[in-house]
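Colleague: Give me coordinates for this.
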Amino acid sequence: MNTPPLLLGLALLFWGWQTGHVWIGAALGVLIELPRVIKARWSFSQSDLDRLWNLCALIFLGTMVYHFFNEGTVALNDFFVDAGRRPEALREKGRAALLWVQWFPMLGFPLVIAVAFSEEPSVDVSTFSWFYRKRRGQPGHEPTRITIAFPFLVLTLFATTASNQRTPWFYAGLCVLVAWALWSQRSRRAQALVWAVLFGAAVAGGYFGHGGLSTLQKKLEEMNVSWFSRLARGKVDTRSARTAMGSIGELKLSDRIVLRLRTDGQPPPELIREASYNRYSGVAWRNEQPGFKSVVAETNNTSWILQTNAIRRSVNVAQYLHGGNGILAVPTGVARIDNLSVPIVERNPLGALRVKEGPGLVLYDVRYDEVPTFDAPGQLEDSRELDEDEPAVAEVARQLGLHRGMKAQEAMRIVSNYFRDQFSYSSYLTKRHVATRNETVIARFFKERTGHCEYFATASALLLRKAGVPTRYAIGYSVQEGKGKKFVVRERHAHAWTLVWNDGSWHDFDTTPGSWNAIEKKNSSWLRPIKDFFSDLWFQFSKLRWGSTDFRKYLIWLPAPLIVIALVSFVWRKQWRQKKSRVDADTVARDWPGLDSEIYEVERALASRGLERRSHESWRAWHDRIDEHTADGASLRTLIALHGKYRFDPNGLSDLERSALRGNARAYVKRVKRSGRMRVSN
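Modeller: Sure thing, here's the model as predicted:
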């Protein structure tokens, strides 16, 4: 390592402190500083380092998959196929990216600690590129080695910034570590005072610049991007529903698929309800009974009985729950829900079902029929008239002959015929629909006789109350698209209608002209098939990820066995060898020219006669020591000379010389074997 002592260790401790993993940071810091104390080193080949980097890359990609698909509550494809959810998708995936970046020191630590304990403190650049690995050994390729201690320090500090700490301690600690690192690498020609002044100026500029960026970030977060919000419905608020009545322009929703329905061949429910409200005020509806109560699950913990009426119809619904929480979309008259694997289901008196702590996608079976609902019966608030706020309603009711005491069925028939015969649907509103000082938006609607579903639902509810019929305002979706057993509900199928209390139960009453879906369909984007393709891919993935099987768990942890395999392969194939201060030349196999020289046969023959060559002796010194004990010293000197040329001369031996070395050596061995045994004193 070429970093100052303790710098990397303290940087890792600082990282753990700021990210909430102080014990992990302390453990890594101790490990990274151990090579300064422990002098033993390990021998790593280039292939070992390649496999270690492959392992780090696999961990890098595996953690990315885990954080981006396991963290957050918004689907990735929402960014591409739904403009309305792009801000939320960006925020959610931004948080997942920050969590991922925080673990960067762990991703590169295996390679860094291996290099720290390695005999060679640097790494070939080709280790980090599969492309450059292929060029090793090719003509013209020169290896480039770098040290990775400082890059790892930068990576650690970068990961620390992802913790989003806003305390002064963070910036102070960061400046101290950066100053320490830069001071160790400063030019010796620079004066210490000048260096300190320049660094101080950089610190001050960074501090005030960071403050300016933080202010800009807050302003951007506070911006109300209305061009996004108008294209998508937000989360359902069971306490209040603010309508778009009185807004100028086109009320356009996206083609994003929000629900998928499957039946057993029967027609699907026409309307899927999310919530209802009973008090009208201005252009908003409110719920005067917003409280929720828990629904007790059956013993299997997946069935939820809402009422015990006889039921004949069923539909399977697939719905996303952002963050595991949300309002279930169910038809009016729901009696039982099966295969809903969530811990908490709650309901409010106005028929909304809320789920808490569930998965991101639920597929549940709804059993329903034309039976009394579990909604609270009609009360005073459901019949409240608004003569002072909406005088135009009283005038229209008088013209239609609506009065208290008439039967609900008769009042519903009159109101339905009125809107069917005299009104038209339009999602584009002009200034003529805007409320004036003397007229409300409902009064303008009665005059212009055109509008979208929120106008029709609100006007119908208020008119029926003039006949003494309790009503509520409901929101949800209309099922319009599909065939056979499969149906889809898009965001543009969002709908509003009226609930009417009749014969002791609540019934759907929709007076919006049936042409509304055809009009909305004309505004469908030509990119809808592409969006549907990505939406279907995400749905299939979500079923594996969030379904009742264990596929989600296996998919999220798919990189884990690959990491284990890579680690085992590295350890199994590694030939560990601790470095020694001195290595015995006789125990180390070396690959050099001249290993097949016949001089070694001569050496063994003389050794058998007591004339061994000592481990520290050169061939010439050995010859000089035993020359007086050999019968033919000149021949041995010639053999040693030929062997030296064979061993060290780049040109080697000629064919004639090689034959001479072979023939003369073998002849010399024969003469030694015929001679008597000789001993030489040390």
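Colleague: any chance you could map the helices in the stretch 401-550 of the chain?
Modeller: Counting by DSSP state H, counting those that start in this stretch, the stretch 401-550 of the chain has helices at residues 408-422, 441-448, 453-466, 516-522, 528-546.
Colleague: State the mean pLDDT of the last one.
Modeller: Meaning helix 528-546. The average pLDDT within helix 528-546 is 80.
Colleague: buried set for that helix?
Modeller: Using 16 or more other CB atoms under 10 Å as the test for burial, helix 528-546 gives 528, 531, 532, 535, 538, 539, 541, 542, 543, 544, 545, 546. No exception for glycine: its C-beta is placed from N, CA and C like everyone else's.
Colleague: Which neighbouring elements make contact with it?
Modeller: Counting contacts by 3 or more CB pairs under 8 Å, 6 or more residues apart in numbering; DSSP states H and E, helix 528-546 packs against helix 77-81, strand 257-262, strand 361-368, helix 551-556.
Colleague: between it and strand 361-368, how many degrees?
Modeller: 90 degrees (axes from the mean of the first three to the mean of the last three CA atoms, to 10 degrees).
Colleague: likewise the first one?
Modeller: Relative orientation of helix 408-422 and strand 361-368, computed by the same axes, to 10 degrees: 120 degrees.
Colleague: which stretches of the stretch 51-200 of the chain form strands?
Modeller: 123-124, 145-146 (DSSP state E, counting those that start in this stretch).
Colleague: Can you say which of the helices of the stretch 401-550 of the chain is nearest to residue 124?
Modeller: helix 528-546 (39.0 Å; CB to CB).
Colleague: what about that closest one, distance to the chain center?
Modeller: 16 Å (CA atoms, centre = their mean, to the nearest Å).
Colleague: Let's see that helix as CSV, backbone CA atoms only.
Modeller: The C-alpha coordinates for helix 528-546 follow below in CSV (Å, rounded to 0.1, in the frame of the first residue of the first chain):
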residue,chain,number,x,y,z
ARG,A,528,-49.5,1.6,-26.5
PRO,A,529,-48.5,-1.8,-27.9
ILE,A,530,-44.9,-1.1,-26.9
LYS,A,531,-46.0,0.0,-23.4
ASP,A,532,-48.1,-3.1,-23.0
PHE,A,533,-45.2,-5.3,-24.0
PHE,A,534,-43.0,-3.8,-21.2
SER,A,535,-45.9,-3.9,-18.8
ASP,A,536,-46.5,-7.6,-19.5
LEU,A,537,-42.8,-8.4,-19.0
TRP,A,538,-42.8,-6.5,-15.7
PHE,A,539,-46.0,-8.3,-14.6
GLN,A,540,-44.5,-11.7,-15.3
PHE,A,541,-41.4,-10.8,-13.4
SER,A,542,-43.5,-9.4,-10.5
LYS,A,543,-45.4,-12.6,-10.3
LEU,A,544,-42.1,-14.4,-9.6
ARG,A,545,-40.9,-11.7,-7.3
TRP,A,546,-44.0,-11.1,-5.3
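Colleague: just to revisit the earlier point, with distance to residue 258 as added columns, please give the helices of the stretch 401-550 of the chain in TSV.
Modeller: As requested, these are arranged in TSV below (distance: least, CB to CB, whole Å):
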stretch	distance to residue 258
helix 408-422	27
helix 441-448	27
helix 453-466	16
helix 516-522	14
helix 528-546	10
